[in-house]
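> quick check, what structure comes out for this input:
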Amino acid sequence: MLTPRKVEIFKAIVKEFITTAEPVGSKLLIEKYQMPYSSATIRNEMQDLEKLGLLEKTHTSSGRVPSSKGYRFYVEHYMEEQANVGIEHAITRIFQDRKVGLEEAIKQSVNILTQMTNLTSMVLGPSSNQERLENVQLIPVNDRSAIAIFETENGHVEHRIFNFEYSVNVDEMQACTTILNDRLVGTPLSEVVEKMESLKPLLSQRLTQYEMLFEAFVGAFMKFAQEEVYASGQSNMLYQPEFSDIHKLRELMEMLENSQMWKELSMSHDNLRLRKGDHSELVWIDDMAVVSGSFVLDDDQEHTLMVVGPSRMEYGRVVSLVEFVTTMIEKVYGKGGNDEQE
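Predicted coordinates for the structure are as follows:
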């Protein structure tokens with residue numbers, strides 16, 4: 001249990017570091033936060049907080065910064081959600097516009113979250129892995145590109161553009177499509193790629209350019225079967241000091257494009273995580289924090305809304321916004337929602 005003085009110092013350090021991204025020392029706490037303690041006393045308290053794992057000492061100064069464990073402790077015990085009436089009204093108007101479909105409403109909400117937090121926001125849709133393939137169409141654009149249209153038994157339709165390295169005969173495209181429809185319809189999407197491997201001998205017998213078509217279809221099916229991701233504000237990470245290292249930034253950008261990684265993250269228990277409120281959860285990974293909220297639509301499929309940023313984000317504000325958006329989506333588009341016209 002922390003003493004009131006330790007709590008006062010710890011909360012001030014978290015608040016200051018979130019605002020400035022600069023390590024916090026005893027002198028600043030005395031001058032800016034008007035703490036009635038000596039520098040020696042504050043330093044001793046900071047050392048105790050460091051021993052508890054709530055603070056870390058940087059290599060560049062004598063100041064302290066919150067650790068991942070410290071942020072979790074702060075959110076769990078001291079964070080106050082900060083409602084923003086202006087943003088909530090803007091999001092409410094989106095969902096009140098009957099001309100805006102579900103997908104567009106979600107995207108607009110994600111964009112607003114990005115603008116208001118200056119972080120990266122994303123929505124992770126449900127996997128189509130267990131759906132069965134109903135139909136495949138391939139529409140040639142020219143001899144080096146085509147549009148593939150995949151449809152599942154539940155009416156899930158996706159379009160993928162094929163760009164071929166070399167010219168492909170239109171008749172071969174159509175022949176390949178016919179074979180795939182004959183042999184793959186009714187197959188769960190999770191098994192399509194494996195089943196396509198068994199079709200290689202047949203394709204090679206009937207098509208001269210089967211390898212190019214095969215690789216294009218396999219790549220498209222793999223993307224189709226994964227979760228759909230819509231992300232906004234990736235470039236915001238360029239302005240965060242934590243990601244000034246180009247290698248760390250590149251790793252983050254690759255993560256943002258990997259829907260499977262986000263699914264595994266939501267299921268993993270190896271990371272520091274905290275359930276907060278009815279819809280939101282927080283996870284800390286190194287210098288990064290993820291605030292996520294799940295919502296279930298009338299098809300019983302779960303989607304996940306995420307705000308990704310450095311660990312020193314304004315948790316009260318971000319958690320409040322994620323909670324509001326996910327609640328609003330379920331209220332309007334979930335079971336018993338009022339998105340239908342009267």
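> from now on I want contacts and neighbour counts done on CA atoms only, so please keep to that.
Noted.
> now the strands: where do they sit in this protein?
55-57, 64-66, 120-124, 133-142, 145-152, 157-163, 229-232, 272-276, 280-285, 288-296, 302-310 (DSSP state E).
> name the stretch among those strands that sits most buried.
Of the strands of the chain, the one with the most neighbours on average (mean count of other Cα atoms under 10 Å) is strand 64-66, at a mean of 27.
> returning to what we had before: for the strands of the chain, give me JSON lines that also has distance to Asn181 and mean pLDDT.
Formatted as JSON lines, the strands of the chain follow (distance: least, Cα to Cα, whole Å; pLDDT from 0 to 100):
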{"stretch": "strand 55-57", "distance to Asn181": "59", "mean pLDDT": "93"}
{"stretch": "strand 64-66", "distance to Asn181": "56", "mean pLDDT": "95"}
{"stretch": "strand 120-124", "distance to Asn181": "29", "mean pLDDT": "87"}
{"stretch": "strand 133-142", "distance to Asn181": "6", "mean pLDDT": "85"}
{"stretch": "strand 145-152", "distance to Asn181": "10", "mean pLDDT": "83"}
{"stretch": "strand 157-163", "distance to Asn181": "15", "mean pLDDT": "75"}
{"stretch": "strand 229-232", "distance to Asn181": "27", "mean pLDDT": "80"}
{"stretch": "strand 272-276", "distance to Asn181": "44", "mean pLDDT": "77"}
{"stretch": "strand 280-285", "distance to Asn181": "42", "mean pLDDT": "86"}
{"stretch": "strand 288-296", "distance to Asn181": "32", "mean pLDDT": "89"}
{"stretch": "strand 302-310", "distance to Asn181": "29", "mean pLDDT": "88"}
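> right, and those strands - which one's nearest Ala216?
Closest approach to Ala216 among these (Cα to Cα): strand 157-163, 6.4 Å.
> any idea how far that closest one is from the chain center?
Here strand 157-163 is found 23 Å from its chain centre; the criterion is Cα atoms, centre = their mean, to the nearest Å.
> number of residues surrounding Thr19?
Residues near Thr19, counting by other Cα atoms under 10 Å, number 12.
> low-confidence ranges in the stretch 201-342 of the chain?
222-228, 257-260, 262-271, 277-279, 298-301, 335-342 (pLDDT under 70).
> I meant the stretch 1-150 of the chain, not that one.
Ranges of the stretch 1-150 of the chain meeting pLDDT under 70: 60-61, 98-99, 126-130.
> tell me where the stretch 1-150 of the chain has helices.
4-20, 26-32, 39-51, 68-77, 85-96, 102-117 (DSSP state H, counting those that start in this stretch).
> buried ones in the first one?
Read that as helix 4-20. 6-7, 9-18 (16 or more other Cα atoms under 10 Å).
> with the fourth one instead?
For helix 68-77, the buried set under the neighbour-count rule, 16+ other Cα under 10 Å, comprises 68-72, 74-75.
> coming back round to it: could the strands of the chain be laid out in a markdown table, adding distance to Val110?
Formatted as a markdown table, those follow (distance: least, Cα to Cα, whole Å):
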| stretch | distance to Val110 |
| --- | --- |
| strand 55-57 | 32 |
| strand 64-66 | 28 |
| strand 120-124 | 6 |
| strand 133-142 | 30 |
| strand 145-152 | 26 |
| strand 157-163 | 21 |
| strand 229-232 | 7 |
| strand 272-276 | 20 |
| strand 280-285 | 15 |
| strand 288-296 | 12 |
| strand 302-310 | 8 |
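> tell me who's in contact with the residue nearest to Thr117 when sequence neighbours are not counted.
Leaving aside its sequence neighbours, Thr117 sits nearest to Val318 (Cα to Cα, 6 or more residues apart in numbering; 7.1 Å). Contact partners of Val318, counting by Cα atoms under 8 Å, 6 or more residues apart in numbering, are 117, 291, 307.
> among the helices of the stretch 1-150 of the chain, which comes closest to Phe295?
In terms of Cα to Cα, the element of the helices of the stretch 1-150 of the chain nearest to Phe295 is helix 102-117, at 11.1 Å.
> from the contact counts, what lies against that closest one?
With contacts taken as 3 or more Cα pairs under 8 Å, 6 or more residues apart in numbering; DSSP states H and E, helix 102-117 sits against helix 85-96, strand 120-124, strand 229-232, strand 302-310, helix 315-333.
> distance to Leu238 added to those, as CSV?
Converted to CSV, the helices and strands packed on helix 102-117 look like this (distance: least, Cα to Cα, whole Å):
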stretch, distance to Leu238
helix 85-96, 24
strand 120-124, 11
strand 229-232, 13
strand 302-310, 11
helix 315-333, 19
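> and those: which comes nearest Val141?
strand 229-232 (25.9 Å).
> partner strands of the closest one, with direction?
strand 120-124 (antiparallel) (DSSP bridges).
> pull the residues that contact the strand it pairs with.
With Cα under 8 Å, 6+ apart as the contact definition, strand 120-124 has outside contacts at 106, 110-111, 113-114, 227-237, 259, 303-309.
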